[in-house]
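Novice: sequence unknown, structure follows:
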């Protein structure tokens with residue numbers, strides 16, 4: 001039985017999730033998903049628990065104790081904003097009881113790092129505010145919520161529900177015993193609060209074998225401004241099966257005489273690059289010049305790689321890893337890229353380039369996170385969608 005455990009960020013308690021919880025329960029009843037439950041938590045020192053002394057580890061314990069006390073398993077653990085820090089630590093501690101952790105426009109924990117240490121431009125202001133308010137961070141004012149997709153009624157509710165936040169929870173360090181990237185996670189980026197995830201989140205999305213990015217066209221408080229959309233994201237997260245590790249891929253070379261492999265490589269290429277489809281004969285000719293591979297998970301075709309070796313007098317190779325759309329977000333692209341990169345280095349490459357179709361935003365995001373920067377953009381004769389050349393910096 002899947003259990004949703006919802007934890008709000010600074011200043012807020014369980015009531016922040018009222019609309020999302022109602023949406024989840026309605027959806028579950030409608031789809032016959034009666035084997036799911038929803039539990040919204042209030043952390044110590046907040047809302048109806050004001051007056052309870054709290055540090056960051058208190059909040060981690062609050063979450064773990066609630067899961068233990070209710071005997072929950074198959075937990076989708078959700079943390080908004082600041083709550084991503086204690087939620088990330090709690091997700092590690094509940095072990096096999098975790099189904100997935102969802103960070104909603106959230107901070108993520110780093111070992112020995114705190115909420116304020118990850119916010120250098122705001123740290124002094126927060127610490128000064130805590131010191132001036134008897135150890136608490138006071139709630140925001142109405143003007144601070146402008147531009148976040150909230151109605152005046154929603155802002156009024158936020159103001160009414162907010163209570164001073166215990167300052168020690170924001171300054172004490174997190175404690176992790178394993179890399180956060182090892183957790184199965186969904187990160188929800190709310191676009192009105194910035195188009196790109198924080199760099200530490202971007203790194204987790206690029207390195208975590210089961211980290212996925214979802215965007216919502218709303219502000220930093222989606223449980224108020226977009227509860228239906230957020231509920232759908234959480235239901236989708238609960239429905240995901242944890243994928244097998246990318247290391248389970250079987251990677252095979254493509255040769256001119258291997259008809260089945262040529263067909264598989266063609267299928268991946270033409271699916272991902274529909275504006276420049278290749279015939280089998282064109283691929284056969286390429287296999288004599290380039291290093292081509294295909295990748296399977298069991299008997300299922302997942303993706304392919306291309307390495308264009310350095311030409312005479314050059315040390316530049318082009319490395320391309322392509323993953324079929326239905327298999328993205330599962331760490332396969334990262335492993336295929338690493339495999340192809342190692343091949344290019346073995347062929348003497350010192351400069352690495354790649355090429356991505358402009359209509360493939362996932363591929364562009366992956367390349368940029370891997371350290372590539374754009375060097376050229378062009379449209380082939382008869383095409384309308386540009387290709388983008390990028391170089392590893």
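Specialist: Ah, there it is. None of these values were measured; they are calculated from a predicted model. Numbering: from 1, shown residues only.
Novice: low-confidence ranges in the stretch 201-350 of the chain?
Specialist: Within the stretch 201-350 of the chain, the ranges that satisfy pLDDT under 70 run 241-247.
Novice: host element of the residue nearest to residue 178 when sequence neighbours are not counted?
Specialist: Once flanking residues are discounted, residue 178 sits nearest to residue 92: 6.1 Å by C-beta to C-beta, 6 or more residues apart in numbering. From N, CA and C alone the C-beta is placed, and that goes for glycine too. Using DSSP states H and E, residue 92 sits within helix 84-93.
Novice: what of residue 28?
Specialist: helix 18-30.
Novice: ok, residue 256 touching residue 282?
Specialist: No. Counting by C-beta atoms under 8 Å, residue 256 sits too far from residue 282 to count as a contact (11.7 Å).
Novice: pick out whichever of those two has more residues nearby.
Specialist: Legend: neighbour count by other C-beta atoms under 10 Å for residue 256 and residue 282, higher for residue 256 (15 against 12).
Novice: now the more buried one: how far from residue 114?
Specialist: Distance, residue 256 to residue 114, by C-beta to C-beta, to the nearest Å: 58 Å.
Novice: what about the helices in this structure?
Specialist: Secondary structure of the chain, counting by DSSP state H: helices at 18-30, 56-69, 84-93, 123-132, 152-161, 168-171, 199-207, 222-225, 227-239, 259-272, 280-289, 332-346, 361-369.
Novice: Throw these into JSON lines and include distance to residue 251, thanks.
Specialist: Formatted as JSON lines, the helices of the chain follow (distance: least, C-beta to C-beta, whole Å):
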{"stretch": "helix 18-30", "distance to residue 251": "40"}
{"stretch": "helix 56-69", "distance to residue 251": "39"}
{"stretch": "helix 84-93", "distance to residue 251": "31"}
{"stretch": "helix 123-132", "distance to residue 251": "45"}
{"stretch": "helix 152-161", "distance to residue 251": "50"}
{"stretch": "helix 168-171", "distance to residue 251": "46"}
{"stretch": "helix 199-207", "distance to residue 251": "20"}
{"stretch": "helix 222-225", "distance to residue 251": "39"}
{"stretch": "helix 227-239", "distance to residue 251": "29"}
{"stretch": "helix 259-272", "distance to residue 251": "11"}
{"stretch": "helix 280-289", "distance to residue 251": "15"}
{"stretch": "helix 332-346", "distance to residue 251": "6"}
{"stretch": "helix 361-369", "distance to residue 251": "18"}
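Novice: just tell me which of those helices ends up closest to residue 381.
Specialist: helix 280-289 (15.8 Å; C-beta to C-beta).
Novice: which residues touch the residue nearest to residue 178?
Specialist: Listed by C-beta atoms under 8 Å, 6 or more residues apart in numbering, the contact set of residue 92 reads 176, 177, 178, 180, 183.
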